[in-house]
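Chemist: Coordinates only, no sequence provided:
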C-alpha cells in the first residue's frame, strides 16, 4: 500500500514536536447486522510460543510493548499507553495508492445520524465496516470529498494518536478478512521519519482467498512482494499475521509459521496501520462490481507489539 508521502512527511515533522498524550478515545458500540457467530478466544499478552531459535516471545528475550484489545466498553490495552487514530497519518484518503474509500469515523460529526465504521462485536472483536455511501442514511458524497465508498483505518500516527512507533521487534494482528471484489485489507507500517520505507505484514485481495501478500518497499525503489498460499480460507476464520523486524532481516509469519524473509534496509522506527481499503479503477485490486457484498467487515481481535530486551531465551 503506497502513500501520500509528501503529506505524511509534513505531518511527521509536526508530530515529532508533540509530547505523548494520555490514552483516550472509544468508538461507538454496536453489533452490525451480518456479524459472524462468536469467536471468543482471548489472547493473553504472552500467548505466542517460541517461533525459532532466534525469537523467544515467551521468555525474557522479548518484552511486550503494546497489547491492544477490544472490549464491549471500548478500545482497551493492558500494556502501553498509546491511542490509535481512526484515520491515516496524513488524512482520511489515500488516492495515490489506488484506495477509493473515504476512511471516516463517528468523531467527524457529519450530521445525524453519524456514520461510524467501527464497532465492537462478540465482546472482544473490532469490526471495521466498508459500505457504499448510497447505503448510509443521511450521508452524502459532498460531505466526504465526493467519495462513493466509506470504510475505516486505524493508525498509531496522526493528529489524534499518541504516535506509538518502534524500530525492532515482532508485530502481529489477529484478524478475519473480508471477501469481495475490490476489497483490500492490510496490516502495514511506515518509516516514521518521512514514510519512505514501508513493510506490509499482509495485504489481501478480497477476490482471491488463496493468497496472502507480504511485501516491503524501500525509498530507493527496491523491495518486492511475496505471495503466500495459506492452507485455509482467510475469510472464514481468525488467523495471526505477523512480522519480525531486526537490523538485518524482516521475517514474516502466519499463525506462527515462518513464510518468508527479506534483508532489512530500513533503519528507522515504524508506525503501524490496519486498513480496509477499496480498490479504485485501475488499481491493483480493481474496483467493486455487482458481486461485491455491502456492507462487509474486517474483524480484528488484537494487535500485539514486542521489543527485544537484549537478553537470551
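Modeler: Arrived safely. Worth saying up front: this structure is predicted, and the values here are computed from it rather than measured. Numbering: from 1, shown residues only.
Chemist: So which elements touch the host helix or strand of residue 150?
Modeler: If you go by DSSP states H and E, residue 150 is part of strand 149-151. Packing contacts for strand 149-151, counted by 3 or more CB pairs under 8 Å, 6 or more residues apart in numbering; DSSP states H and E, involve strand 101-103, strand 125-132, strand 270-278. C-beta here means a position set from N, CA and C on the backbone, and glycine is covered the same way.
Chemist: If you compare the directions of the last one and strand 125-132, what angle comes out?
Modeler: Angle, strand 270-278 to strand 125-132, by axes from the mean of the first three to the mean of the last three CA atoms, to 10 degrees: 50 degrees.
Chemist: after strand 270-278 comes which helix or strand?
Modeler: By DSSP H and E, the next helix or strand past strand 270-278 is strand 296-308.
Chemist: which helices and strands does that following strand pack with?
Modeler: Strand 296-308 packs on strand 62-71, strand 125-132, strand 169-176, strand 270-278, going by 3+ CB pairs under 8 Å, 6+ apart.
Chemist: next one: that strand to chain centre, how far?
Modeler: Here strand 296-308 is found 7 Å from its chain centre; the criterion is CA atoms, centre = their mean, to the nearest Å.
Chemist: Could you do stretch 300-313 as well?
Modeler: 17 Å.
Chemist: what comes up buried for that stretch?
Modeler: By neighbour count with 16 or more other CB atoms under 10 Å, stretch 300-313 contains the buried residues 300-307.
Chemist: just curious, which of the residues you listed is nearest to residue 291?
Modeler: residue 300 (24.6 Å; CB to CB).
Chemist: my guess is the closest one contacts residue 172, does it?
Modeler: No. Taking contacts as CB atoms under 8 Å, residue 300 lies outside contact range of residue 172: 11.3 Å.
Chemist: Run through the stretch 101-250 of the chain and note the low-pLDDT ranges.
Modeler: 106-114, 159-162, 193-195 (pLDDT under 70).
Chemist: Quick one: the strands in it, in order.
Modeler: In the stretch 101-250 of the chain, the segments counted as strands under DSSP state E, counting those that start in this stretch are 101-103, 118-121, 125-132, 149-151, 153-155, 169-176, 183-191, 198-203, 212-217, 223-228, 239-245, 249-254.
Chemist: which residues are in contact with the fifth one?
Modeler: Just to be clear, that refers to strand 153-155. Residues from elsewhere that reach strand 153-155 (CB atoms under 8 Å, 6 or more residues apart in numbering): 84-89, 103, 118, 126, 128, 161, 271-277, 300.
Chemist: With distance to residue 215 as extra columns, can I get the helices and strands packed on strand 296-308 in CSV?
Modeler: Output for the helices and strands packed on strand 296-308, formatted as CSV (distance: least, CB to CB, whole Å):
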stretch, distance to residue 215
strand 62-71, 23
strand 125-132, 21
strand 169-176, 15
strand 270-278, 14
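Chemist: Quick one, which of the ones you listed gets closest to residue 221.
Modeler: Nearest of these (CB to CB): strand 270-278, 19.0 Å.
Chemist: Appreciated, that's everything.
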